[in-house]
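A.B. asks: when you get a sec, could you give me coordinates for this:
(chains A and B)
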Amino acid sequence: MNRLAITLPGLELKNPIMPASGCFGFGKEYGNLYDLSQLGAIMIKATTEEMRYGNPTPRVAETSSGMLNAIGLQNPGLQGVLTNELPWLEKFDVPIIANVAGSETADYVEVAKQISKASNVHALELNISCPNVKCGGILFGTDPEIAKELTAAVKAVSSVPVYVKLSPNVTDIKAMALAVEAGGADGITMINTLVGMRLDEKTGKQVIANKTGGLSGPAIKPVAIRMVYEVSQVVNIPIIGMGGVTCVQDVVDFLSAGASAVAVGTANFVDPFVCPTIIEQLPAKLDELGIDHISELVGRSHRV
Amino acid sequence: MIIQDLMTVESQQEIAKNIFEMKLTGKLVGEITSPGQFVHIRVSDSFEPLLRRPISIAEINPEKNEMTIIYRAEGRGTSLLSEKREGDTVNVLGPLGNGFPVEETTAGQTAVLIGGGIGVPPLYELSKQLTAKGVNCIHILGFESDPVVFYEEKFAALGETHIATVDGSNGTQGFVTNVMSEISHDFETFYSCGPMPMLDAVQKAYVHKKGFLSFEQRMGCGIGACFACVCHTNENATDQAYVKVCSDGPVFPAGVVQI
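C.D. replies: Residues are numbered from 1 along each chain as shown, chains lettered A, B, ... in the order given. Model prediction:
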C-alpha cells in the first residue's frame, strides 16, 4: 500500500506534495537538480494567451519570515508553453496542473481550451487571484458572481478538471469558495499571496517597483490555515492548501485544517530540495502520529 | 552542475571595514567552471532572514576543494554570515550563473579589469586565470575610501593595478572612470563588475572594445525559476525583452543588457 497516495479529480497523486505555481517556473531549473517524478504533481507557472514581459524591477523584497513579489505573470504565452515547456516535462512521471491566467474571460477560455488538451496536463488551476497585474487576475477573484461565471465558462471548454485558486484578499473567502463551487469547480487551491508593501528604510519609498507585491512565505501560514479550515467546512470539493509551507509539520497542519494535498511555494527558493525532502520525511511522520494512511489526517481539526 | 553543499568554514576575517573574506571547503568547488560565477548562501537555519544571499566567488583552489568569498556585512543576512567561525558549516547552493569568458582573451593580449566596491572580488580569480595563460592584466579598482580598500597587493602581484577612491584617501581621487581616462587604450578586452552606473560608464568609455559586464539584481531563487532578477535587453524593438541575471548571466557581453 502506498501510504501517501491521494486521489483528487483528474489527479492520481503518488503523494500529496507539489510545488506551487509561480515558484517552480516550468520545472526545468528544478528538473536539473532532482528527478521531478518524485513529486505528487507540478503546478506550472501561469500561462496567458499572449507572451507577457511582467513588471519592472525590483520585483522582490524580503520581509519578516516572508517575501513580497510582483513578477507580473511573465511567461512565454500559450503557444510557447505548448511548444517548449510542456513537452520537456513529458519525460517525468508526474501530472501537471496548468495555471491559467488572463485579462478577460475570452483569454482564460482560450488558454484553458488549448492547454487542457496537452497530454501531461491533468488539471487546470484557474488564476483569479494574482495581485500583481492591472487587468484580470484579482478582479475576477474578489467578486463571487464574476468568479462563478468565469469558472463555468472555463469548465465548459476544459478537457480536464478545473481547480480555482482563491485570493486571501477578500472579506469573506467562504463566499468566494461557494461561488466557484456553484460555477462547477472540481476543486479549490488556496491561498494566493496577500497584498503587501515594504518601504525602504532610508528613502521611505516602496522597495518594489510595482509599489505593492504579494506576500508569501512562513509569515502567511496562519492566515492560510485559518482560511483552509473555514472553506473546507462549507464546500464539498477538495482543497489543495498552500501558504508558507516549509516542512513536514506544515503539511500535517494543512491536511488537518482540511486540505487534501499541499503545495510548496516560496520555500523552494530557500531550499530547492524542499519538496523531495518533505516527501521523504512523510512516512516517518505518519508513524510518529500512529496512522496508516495520509488521508486520515485530512480535516482532523474539524472532528469533535 | 548545481549542488547544495554543507561547506566548512576554514577561515573568516575582516580584511577592510565591514568587508569579510571567508574561505570555505566542500565538493561544490569541483563544480565551478568559470570566474564570475556566484553562490547562494543560506545564512541561517531559521526563516529570519528568509532568502539566500547571492555572493560572488573571489578565488578557487580546486586542489584543496577551497573557495574564497568576499562580502560586505551590511544587512541582516551578511551580518549573520560574518558571525560564522572556523569549523562552522554553511549551506551553499552553487555554482550559479555564467561567469567571465577567459577564452575571449589570448596569451600576449592585454585585458583591463574594472571593479567597483563589492564588485571587485570576482575579478581576482578572473585575473589569476588570465595571467596564468599569459594575458597582461591591468586592474582598475574603485572604492569609497581607503578603509574599505581590499586586495590591493594581491591584484598588484598579478599586474598593473590602479586604485580610485571617491574621497581620494587612496590612489586617484574620484571614480574608476578618472583612471580609465588616464591609461592607454591599447588593450583587447575589458571585464567589469560593480554598480550599474559604473558599468554604464565603462561600457560607454569602451564602446568600440570587446567587453563583458557582470550585473546585480535582487534575486529570489538564484536558478532561473522565479523571474525576479530580470534585466531588459537592447535587442528587442519593444525594449521589453528580458534576460535573467541569475541563470542567463550574471556576465553578459557589453551592449546586451540595457543599463
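
A.B. asks: what's the neighbour count on residue 175?
C.D. replies: No chain was given, so I picked chain A. A:Ala175: 13 surrounding residues under other CB atoms under 10 Å in any protein chain shown. Placement of C-beta: from N, CA and C, glycine included.

A.B. asks: try chain B instead
C.D. replies: Using other CB under 10 Å, B:Phe175 is surrounded by 18 other residues.

A.B. asks: that one reaches B:Leu141, doesn't it?
C.D. replies: No: using CB atoms under 8 Å, B:Phe175 is not in contact with B:Leu141; the gap is 11.1 Å.

A.B. asks: between these two, which contacts overlap?
C.D. replies: B:Ala164 (CB atoms under 8 Å, 6 or more residues apart in numbering or on different chains).

A.B. asks: for the chain, just list every one of the helices.
C.D. replies: Defaulting to chain A. All helices of chain A, identified by DSSP state H, fall at A:28-31, A:77-80, A:86-89, A:105-115, A:138-141, A:144-157, A:173-182, A:221-232, A:248-257, A:267-270, A:274-289.

A.B. asks: other chain: chain B
C.D. replies: Going by DSSP H, chain B shows helices at B:76-82, B:121-132, B:152-156, B:176-180, B:196-205.

A.B. asks: nearest to B:Val112, out of those?
C.D. replies: Closest of the helices of chain B to B:Val112 is helix B:176-180, at 7.8 Å (criterion: CB to CB).

A.B. asks: CA atoms only for that closest one, dumped as PDB, please.
C.D. replies: Coordinates of each C-alpha in helix B:176-180 appear next as PDB, following Å, rounded to 0.1, in the frame of the first residue of the first chain:
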ATOM      1  CA  VAL B 176      37.300  54.300 -11.900                       C
ATOM      2  CA  THR B 177      36.500  56.400 -15.000                       C
ATOM      3  CA  ASN B 178      39.000  59.000 -13.800                       C
ATOM      4  CA  VAL B 179      41.700  56.300 -14.000                       C
ATOM      5  CA  MET B 180      40.400  54.900 -17.300                       C
END
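
A.B. asks: one step back: now for the helices of chain B, which one comes closest to B:Ser34?
C.D. replies: helix B:121-132 (8.3 Å).

A.B. asks: flag every residue of the stretch 101-250 of chain B that's near chain A.
C.D. replies: Residues of the stretch 101-250 of chain B lying near chain A by CB under 8 Å from any CB of the partner chain: B:217-231, B:240-242, B:247.

A.B. asks: and those, which are buried?
C.D. replies: Among those, those buried by neighbour count (16 or more other CB atoms under 10 Å in any protein chain shown) are B:217-231, B:241-242, B:247.

A.B. asks: surely B:Gly117 touches B:Gly142?
C.D. replies: Yes: using CB under 8 Å, B:Gly117 is in contact with B:Gly142, at 7.0 Å.

A.B. asks: any idea how far A:Leu282 is from A:Pro276?
C.D. replies: Distance, A:Leu282 to A:Pro276, by CB to CB, to the nearest Å: 11 Å.

A.B. asks: I'd guessed A:Ile220 sits against A:Leu194; true?
C.D. replies: Yes: in this structure, A:Ile220 is within contact of A:Leu194 by CB under 8 Å, at 5.7 Å.

A.B. asks: burial of residue 40, as a residue count?
C.D. replies: Reading this off chain A. A:Gly40 has 25 neighbours, counted by other CB under 10 Å.

A.B. asks: looking at chain B here, not the other one
C.D. replies: For B:His40, the neighbour count with other CB under 10 Å is 26.

A.B. asks: with the one 3 residues further on instead?
C.D. replies: Applying other CB under 10 Å, we find 22 other residues in the vicinity of B:Val43.

A.B. asks: kindly report the same for B:Arg76.
C.D. replies: 14.

A.B. asks: ok, now the one 3 residues further on?
C.D. replies: With neighbours defined by other CB under 10 Å, the count for B:Ser79 comes to 14.

A.B. asks: do B:Val92 as well
C.D. replies: B:Val92 has 23 nearby residues by other CB under 10 Å.

A.B. asks: how about low-confidence regions in the stretch 101-250 of chain A?
C.D. replies: With pLDDT under 70 as the threshold, the stretch 101-250 of chain A has low-confidence stretches at A:130-139.
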